[in-house]
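Undergrad: What follows is a predicted structure for the sequence shown.
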Amino acid sequence: MAVDGCGLVCKYVLILFNIIFAVVGFVFLGLGIWLRFSENTRGIFQIDALNSSAFVIGVTVLIVLGAVMLIVVAFGDYGACNEKRCALQVFSVLLTFLAMAEIAVGVLAYSSRDEVGRNLGEFYASLYTLYVASGDPAIAVTLTFIHNAIHCCGVTGVSLIEIVKQTCPKPDGFMESIVMPNCPGTIANVFDRRAPLVMGIFIATGALLITALVCATILLKQLKRVQQGITTYYSTVY
């Protein structure tokens, strides 16, 4: 069964979209599984008092989101490559829920930016504690990235007592060589200032998903029209 025109364009757009979506899904799932079962981090999931911590919730979300994205990709790629209407219909339904969730999360993150900022600060504190306890070089790289991205240093910022100061950025001026902004407070402030940007990113991602949904709908309509044409042809012939 072949499509042409807009249907053909939408078919290749969906294939490209699903390739990108698959890469992101594998990254999320792989990172979540690594954090869940790594020798240095899996112990935190066995402590009842930490089961509701931002770190545990964040890792769980990464695993679930990565798995859902790969399920969506499986239906989308199979439906687009093989021009299967049933798979595309399932893909469209899943994509609708994802788009709605993306937009809802963006709006919720903006409206609850104070709480989200605190949770992100708790997530940083969990990483900090894990690094102090294990010295994992992978976590050190993560801390270095965070410290340089928002220009902060550990949970205290005081150079004389800060345990992770080797992962901190170079101080700007004499005062910062003594005390630098601490990360939990800086993270909360940065998120509060950039909450509109975060909401915009989520909404833009939702719009991208809606674009893919439109392409899937166009392809479905073309496949239905082609199938009806074939049915009409055979009924006329026979």
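TA: Great, that's in hand.
Undergrad: what about L160, how many neighbours?
TA: 8 (other CB atoms under 10 Å). The C-beta positions use only the backbone N, C-alpha and C, and glycine is treated the same way.
Undergrad: Which other helices and strands does whatever helix or strand V105 lives in contact?
TA: Assigned by DSSP states H and E, V105 belongs to helix 85-111. In terms of contacts (3 or more CB pairs under 8 Å, 6 or more residues apart in numbering; DSSP states H and E), helix 85-111 is packed against helix 54-82, helix 183-237.
Undergrad: Can you name every helix or strand that the first one contacts?
TA: In this structure, helix 54-82 packs against helix 6-37, helix 85-111, helix 113-134, helix 183-237, with contacts taken as 3+ CB pairs under 8 Å, 6+ apart.
Undergrad: nearest spatial neighbour of G30, skipping sequence neighbours?
TA: Once flanking residues are discounted, G30 sits nearest to G66: 7.4 Å by CB to CB, 6 or more residues apart in numbering.
Undergrad: now the helices and strands packed on helix 54-82 in a markdown table, with mean neighbour count?
TA: Shown next, in a markdown table, are the helices and strands packed on helix 54-82 (neighbours: other CB atoms under 10 Å):
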| stretch | mean neighbour count |
| --- | --- |
| helix 6-37 | 17 |
| helix 85-111 | 17 |
| helix 113-134 | 18 |
| helix 183-237 | 16 |
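Undergrad: To T167, which of those helices lies closest?
TA: helix 113-134 (8.1 Å; CB to CB).
Undergrad: What angle do helix 183-237 and the closest one make with each other?
TA: Put simply, helix 113-134 runs at 110 degrees to helix 183-237, going by axes from the mean of the first three to the mean of the last three CA atoms, to 10 degrees.
Undergrad: Check V116 and give its pLDDT.
TA: Per-residue pLDDT puts V116 at 77.
Undergrad: What's the separation between the residue nearest to it when sequence neighbours are not counted and A195?
TA: Excluding the flanking residues, the one nearest V116 by CB to CB, 6+ apart is A109, at 5.3 Å. Distance of A109 to A195, computed by CB to CB, to the nearest Å: 7 Å.
Undergrad: who touches both of the two?
TA: By CB atoms under 8 Å, 6 or more residues apart in numbering, A109 and A195 have these common neighbours: V116.
Undergrad: so how far is R85 from F97?
TA: F97 is 19 Å from R85, by CB to CB.
Undergrad: swap that for I33, please
TA: I33 sits 34 Å away from R85 when distances are taken as CB to CB.
Undergrad: check contacts around the residue nearest to V116.
TA: Contacts of A109 by CB under 8 Å, 6+ apart are V116, A195, V198, M199, F202.
Undergrad: Quick one: those as TSV, columns for distance to C183 too.
TA: Converted to TSV, the contacts of A109 look like this (distance: CB to CB, whole Å):
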residue	distance to C183
V116	16
A195	18
V198	18
M199	23
F202	24
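Undergrad: per-residue confidence at the most centrally placed residue in the chain?
TA: Nearest to the mean C-alpha position of the chain, counting by CA atoms, centre = their mean, stands F28 at 6.4 Å. Among the per-residue scores, F28 holds a pLDDT of 85.
Undergrad: The residue nearest to it when sequence neighbours are not counted: how many residues sit nearby?
TA: Nearest residue to F28, sequence neighbours excluded (CB to CB, 6+ apart): G66, at 3.4 Å. G66: 20 surrounding residues under other CB under 10 Å.
Undergrad: if we can go back for a sec, TSV for the helices and strands packed on helix 54-82, including distance to V158?
TA: Listed next are these as TSV, based on distance: least, CB to CB, whole Å:
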stretch	distance to V158
helix 6-37	29
helix 85-111	31
helix 113-134	14
helix 183-237	13
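Undergrad: Compare these and give me the one nearest F145.
TA: Proximity to F145 (CB to CB) singles out helix 113-134 among the helices and strands packed on helix 54-82, at 10.7 Å.
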